[in-house]
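J.: Return a 3D structure for these sequence lines:
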Amino acid sequence: MRYRTQFDYSEEELARLYTGYDHTQWRDHRFRVNVSASIVSTYLKDIPMASVLDPAAGDGEIVASLIDHDRHFVIGDLSCENIEVCKEKLYGHYNSEFWVADLFDTVLESPIVDITILSEILEHIEDPDGFLKIVAKKSMAVFISTPLEEAPGANPEHYWSWGREDIVSMLVNAGFKNIILYSELDLFVAKYQIHLATK
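T.: A predicted model of the protein is given here:
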């Protein structure tokens, strides 16, 4: 069941909340990155010259795992430091664009792509429904990883908690009618749900 876990933060509250901890060292983060990259890679293998949008790429681990010189990557993040890390990981891949930009702006300005990666993104957005509708205008498919039925207060950065049916409903309402993959990960520290959907 979907419910709001956190009210809007002020700019000052956000500054205190995001203190630059290194989540890349968490074992569950590494495992989720590997699973996500494997699923997206399998989906793309039969799409020649595939284009990939990751509008909040973070440390760039997922897109770095998808490197193929025939693929076009649009990689965005709000952090200049993260974008520099992404550039290092994709060094030599000349068919890439790197944008320091807001999540919404990155999607709005992106060319139409074959797939958009939303790994641990939706739960951080005040209007995830509206955001998914924007993604649907720019992408033929979407990959989503997000917590599954997270307990209230489990993560102060998350605005939402939801179940499988909630995400499916959001996807369908946005225009992604075909849910071609669903999986759950129980990583002891938290449960996650993974969706791959196409129009």
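J.: and the gap between P48 and E84?
T.: Note on P48: its distance to E84, by Cβ to Cβ, to the nearest Å, is 30 Å. Backbone N, C-alpha and C define where each C-beta goes, glycine included.
J.: ugh, wrong one, I67
T.: Counting by Cβ to Cβ, the gap from I67 to E84 is 17 Å.
J.: what are the ranges of the helices in the chain?
T.: For the chain, the helices defined by DSSP state H occupy 11-17, 27-44, 61-64, 80-89, 103-109, 128-138, 164-174.
J.: just the ones you listed: most buried one?
T.: Per-stretch averages of neighbours, counted by mean count of other Cβ atoms under 10 Å, single out helix 61-64 among these, with a mean of 22.
J.: Can you give the distance of that one from its chain's centre?
T.: With Cα atoms, centre = their mean, to the nearest Å as the basis, helix 61-64 stands 11 Å off its chain's centre.
J.: by contact count, what packs against that helix?
T.: With contacts defined as 3 or more Cβ pairs under 8 Å, 6 or more residues apart in numbering; DSSP states H and E, the secondary structure elements packing on helix 61-64 are helix 27-44, strand 51-54, helix 80-89, strand 115-119.
J.: if we can go back for a sec, can you list the helices of the chain in CSV and add mean pLDDT and distance to E157?
T.: Rendered in CSV, the data for the helices of the chain read as follows (pLDDT from 0 to 100; distance: least, Cβ to Cβ, whole Å):
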stretch, mean pLDDT, distance to E157
helix 11-17, 65, 6
helix 27-44, 87, 14
helix 61-64, 92, 19
helix 80-89, 94, 16
helix 103-109, 96, 14
helix 128-138, 98, 14
helix 164-174, 97, 18
